[in-house]
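1. Next comes the sequence, and after it the predicted model I'd like to discuss.
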Amino acid sequence: MKRLIFALLLLGAGHVRAQEGPEYPAAAPEIRYVGRTLAADDGVSFDWSGTWFECRFTGRSIALRASDTGRNYFNVTVDGQPVGTISIAGRDTLVVLASGLRRGEHHLRVQRRTEGEQGRTTLHALRLDRGGRLLEAPAAPGRHIEFVGNSLTCGYGTEGRSADEPFKAETENCDKSFSCIVARYFGADYSLVSHSGQGAARNYGDANTTSPVTMADRIGRTFDCAESPAWSFDEAVYRPDIVVINLGTNDFSTLPHPTREEFRAAYLRILATLREAYGDRVPILCVAPRVEDPAFAYIRELCDDAPYPNLGFAAVLPGYCNNDSDLGSSAHPNYEGQRKMAMLLIPYISTLTGWSAPHAVVE
């Protein structure tokens, strides 16, 4: 029987001695990372929502040694079954991910569910029990979707109980966002380049029609919340089969709105970055958000006359979800609302990629 220990355990504490065994550095080739990461002498660091790793191992327990500049939450899956949520905070802490496992081979997956503003995570090592070892890294599925977006992509408030509930990091879960739901449906890897409150030209609540730093700037970063180092698209271990952009909500949800020219220039910067990185053959799906015009009209116009080929257009219109039972924290879609959004976008992604749309539950 699997058992997850939720508390953070300080290194050297007596009750973690059962975990003492071989320790593998976080950058070991047996560990497969998905998302934007940076490997250094002290470990593998990242802060983008949804970044995850997986490995295969033998033994009856596994623990993670990690640090975090804030406090972040992670989904843990062992042998294909979700076993709980852990948090990482502070320096050089040891988190027991699973213990009491049956002898033999196991599969571990750990996914960051919170976003960059909550802090930067650095993984130092995986520790197994005596006699345990890491096996060859799992193979990639051969499909990859990159999502560029805002709080909807991050899964802000997906586990909130009502639209009136304020945001808490504990209820943010990107795994219940439309992005991860879509990736699961197609059996694809994914990367999330997303930050709550961000727009293409203007961020939520800005007093001006444009903001100094938006997703047009963050899209080129290794870390969401740091200007440098720049992300090396050429050296990345993944190349997406399609990019889905879901921006515009924050540009137009409050006044003052960016002008057509301001919004267009910022959105074209995003498209230019993606085309320079991935070329013309990778389709880009541009999603208009469920806010009133002009977002719909501006994004549709861009898809029609932008100087880049292979652009698709889709829209999440008002009325796609219930304004009570489908909303979580701060009136953001909960899991049910996110599922409905995913179901809207799946046909467009299927058409643009040529992937079949299987008769499967969207979850």
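-> Nice, I can see it. Numbers count the residues shown, from 1 in each chain.
2. hey, which helix or strand in this structure has the poorest pLDDT?
-> strand 9-10 (a mean of 33; mean pLDDT, DSSP states H and E).
3. List the buried residues of whichever helix or strand comes after that strand.
-> Per DSSP states H and E, the first helix or strand lying C-terminal to strand 9-10 is strand 23-25. Residues Tyr24, Pro25 are the ones in strand 23-25 that count as buried (16 or more other Cβ atoms under 10 Å). For every residue, glycine as well, the C-beta is placed using N, CA and C.
4. Same question for stretch 81-101.
-> Result for stretch 81-101 [16+ other Cβ under 10 Å]: buried residues 83-84, 86-89, 93-99, 101.
5. With stretch 294-307 instead?
-> Quick answer for stretch 294-307 (16+ other Cβ under 10 Å): Pro294, Ala295, Phe296, Tyr298, Ile299, Arg300, Leu302, Cys303, Ala306.
6. Please put the alpha-carbon coordinates of it into CSV.
-> Taking Å, rounded to 0.1, in the frame of the first residue of the first chain, the C-alpha atoms of stretch 294-307 are listed here in CSV:
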residue,chain,number,x,y,z
PRO,A,294,-12.7,44.3,-29.1
ALA,A,295,-10.6,41.3,-28.0
PHE,A,296,-12.5,38.9,-30.3
ALA,A,297,-12.3,41.3,-33.3
TYR,A,298,-8.6,42.2,-32.8
ILE,A,299,-7.4,38.6,-32.5
ARG,A,300,-9.5,37.3,-35.4
GLU,A,301,-8.1,40.2,-37.5
LEU,A,302,-4.6,39.3,-36.5
CYS,A,303,-5.1,35.7,-37.6
ASP,A,304,-6.4,36.9,-41.0
ASP,A,305,-3.7,39.3,-41.9
ALA,A,306,-0.6,38.7,-39.7
PRO,A,307,2.6,38.2,-41.7
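7. List the neighbours of that stretch that are in contact with it.
-> 248-249, 251-252, 257, 260, 263-264, 267-268, 271, 286-289, 311-313, 315, 317 (Cβ atoms under 8 Å, 6 or more residues apart in numbering).
8. residues in contact with Val243?
-> Ile145, Glu146, Phe147, Val148, Leu274, Tyr278, Val282, Pro283, Ile284, Leu285.
9. Show me which of the residues you listed is closest to Gln118.
-> Phe147 (18.6 Å; Cβ to Cβ).
10. right, and that closest one touches Thr153 too?
-> Yes: in this structure Phe147 lies within contact range of Thr153 using Cβ atoms under 8 Å: 5.1 Å.
11. JSON lines for the buried residues of stretch 81-101, including distance to Pro29 and pLDDT?
-> Formatted as JSON lines, the buried residues of stretch 81-101 follow (distance: Cβ to Cβ, whole Å; pLDDT from 0 to 100):
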{"residue": "Val83", "distance to Pro29": "25", "pLDDT": "96"}
{"residue": "Gly84", "distance to Pro29": "27", "pLDDT": "96"}
{"residue": "Ile86", "distance to Pro29": "24", "pLDDT": "98"}
{"residue": "Ser87", "distance to Pro29": "28", "pLDDT": "97"}
{"residue": "Ile88", "distance to Pro29": "23", "pLDDT": "98"}
{"residue": "Ala89", "distance to Pro29": "28", "pLDDT": "98"}
{"residue": "Thr93", "distance to Pro29": "25", "pLDDT": "93"}
{"residue": "Leu94", "distance to Pro29": "23", "pLDDT": "96"}
{"residue": "Val95", "distance to Pro29": "22", "pLDDT": "97"}
{"residue": "Val96", "distance to Pro29": "24", "pLDDT": "97"}
{"residue": "Leu97", "distance to Pro29": "20", "pLDDT": "97"}
{"residue": "Ala98", "distance to Pro29": "22", "pLDDT": "97"}
{"residue": "Ser99", "distance to Pro29": "25", "pLDDT": "96"}
{"residue": "Leu101", "distance to Pro29": "23", "pLDDT": "97"}
